[in-house]
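Student: Predicted model and sequence follow; I will ask about them next.
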Amino acid sequence: MTRVAVLYGGISAEREVSLASGAQCVAALREAGFEVLPMEAGPDLAALVTALDRARPDVVFNALHGRYGEDGCIQGVLDWMGIPYTHSGVRASSLAMDKQAAKAVFAAAGLPVEEGRVVTPEELEARDPLPRPYVVKPVNEGSSVGVEIIRAGDNRRQAIARDWRYGRRIMAERFVPGRELTVAVMGDRPLAVTEITTDHGFYDYEAKYAEGGSRHAIPAPVHPRAAERAMEVALAAHRALGCRGVSRADFRYDDTAGEPGRVVLLEVNTQPGMTRTSLVPEQAAHCGISFPALCAWMVREARHGA
């Protein structure tokens, strides 16, 4: 029987999300017939390495989110230990987690991205980096942590800059009007297009994880050419970064001037949420793939190295 260690928790701003993902993946993998070793990761990396060394699992199911779990750090540790793991390797993980680097890769691949620039908190405090409306977000966080939309007449810019606690780099991008779409990629297969709607103004952290914070429509009620384009770009972005296993691409769909509109790539998540009701399992279920079957496929696809 394959022994699978599930890593979850971590020390990023997305710890609570990871705890939820990990708990549900543990249950699903057991349902799929694996011997499962839950391992909650905390600030003591040496203790985690010791626990993995003692357990010697056949595979690590990486259910960590955010910094240190999604940015290539834990992937490098597992590569060093020679333990196969789910999701992307060091290079793809680190590129995808760095929004500035990922955007450069997407642009070089000819994928549709919006105009943006990276500024410091001091530069943001001093002046608008782009014409309003624009979005500011951390370069190295996920789950919409720290994301703010600065609109015409908004007087929050200086306060946001002074209170910034997500590092020295702030990604500023032109705000794209329209709708929120996402596409999961499973290996070389884009699964479906989901439209996400919320009453929060945009798809922020609370909208993603609070009870009733968002609504998902699958397949998304968009023009067929827009849906096809979103799936094409999701797979192209997955390949451009060098992702493996499962990823999820997030988009804005601007149909404000009429259909078919334009699809704009925002980012690729190499460690998307993995509860039964998360977006990737939801799309897999839409394609006839159960949550235990999805988790089992990810274990079978696990490996280490580039």
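Tutor: In hand now; what should we look at?

Student: which stretches of this protein form strands?
Tutor: Per DSSP state E, the chain carries strands over the ranges 3-9, 35-41, 59-62, 116-119, 134-138, 148-150, 170-174, 179-186, 189-197, 215-217, 246-254, 262-269.

Student: out of the ones you listed, deepest packed?
Tutor: Ranked by mean neighbour count, these are led by strand 59-62 with a mean of 28 (mean count of other Cβ atoms under 10 Å). Bear in mind the C-beta positions are built from the backbone N, C-alpha and C, glycine included.

Student: tell me what that one is packed against?
Tutor: strand 3-9, helix 73-81, helix 291-300 (3 or more Cβ pairs under 8 Å, 6 or more residues apart in numbering; DSSP states H and E).

Student: Which positions in the longest one come out as buried?
Tutor: Same thing as helix 291-300. Judged by neighbour count (16 or more other Cβ atoms under 10 Å), helix 291-300 contains these buried residues: 291, 292, 294, 295, 296, 297, 298, 299.

Student: Which strands or helices does that helix pack on?
Tutor: helix 15-31, strand 59-62, helix 279-286.

Student: Give me the buried stretch members for the longest one, please.
Tutor: Spelled out, it's helix 15-31. For helix 15-31, using 16+ other Cβ under 10 Å, the buried residues are 15, 17-30.

Student: what's the most distant pair in the residues you listed?
Tutor: Pairwise distances across the buried residues of helix 15-31 (Cβ to Cβ) peak at 22.8 Å, for the pair 15 and 30.

Student: Might you list the low-confidence residue ranges for the stretch 101-250 of the chain?
Tutor: Scanning the stretch 101-250 of the chain with the threshold set as pLDDT under 70 gives 142-144, 200-213.

Student: Go again with 90.
Tutor: For the stretch 101-250 of the chain, applying pLDDT under 90 flags the ranges 115, 139-146, 166-167, 198-214.

Student: for it, what spans make up the helices?
Tutor: Using DSSP state H, counting those that start in this stretch, the helices of the stretch 101-250 of the chain run over 121-126, 157-162, 205-209, 224-241.

Student: so how far is the second one off the chain centroid?
Tutor: Its chain's C-alpha centre lies 26 Å from the corresponding centre of helix 157-162 when counted by Cα atoms, centre = their mean, to the nearest Å.

Student: could you measure the closest residue to residue 31 other than its chain neighbours against residue 28, distance?
Tutor: With sequence-adjacent residues excluded and distances taken as Cβ to Cβ, 6 or more residues apart in numbering, residue 31 is closest to residue 292, at 4.5 Å. According to Cβ to Cβ, to the nearest Å, residue 292 and residue 28 sit 4 Å apart.

Student: what's the answer for residue 197, then?
Tutor: 27 Å.

Student: same question, residue 261
Tutor: In terms of Cβ to Cβ, residue 261 sits 36 Å off from residue 28.

Student: Kindly report the same for residue 222.
Tutor: 30 Å.

Student: what's the answer for residue 112, then?
Tutor: 34 Å.

Student: so what's the residue nearest to residue 31 up against?
Tutor: 28, 29, 31, 32 (Cβ atoms under 8 Å, 6 or more residues apart in numbering).
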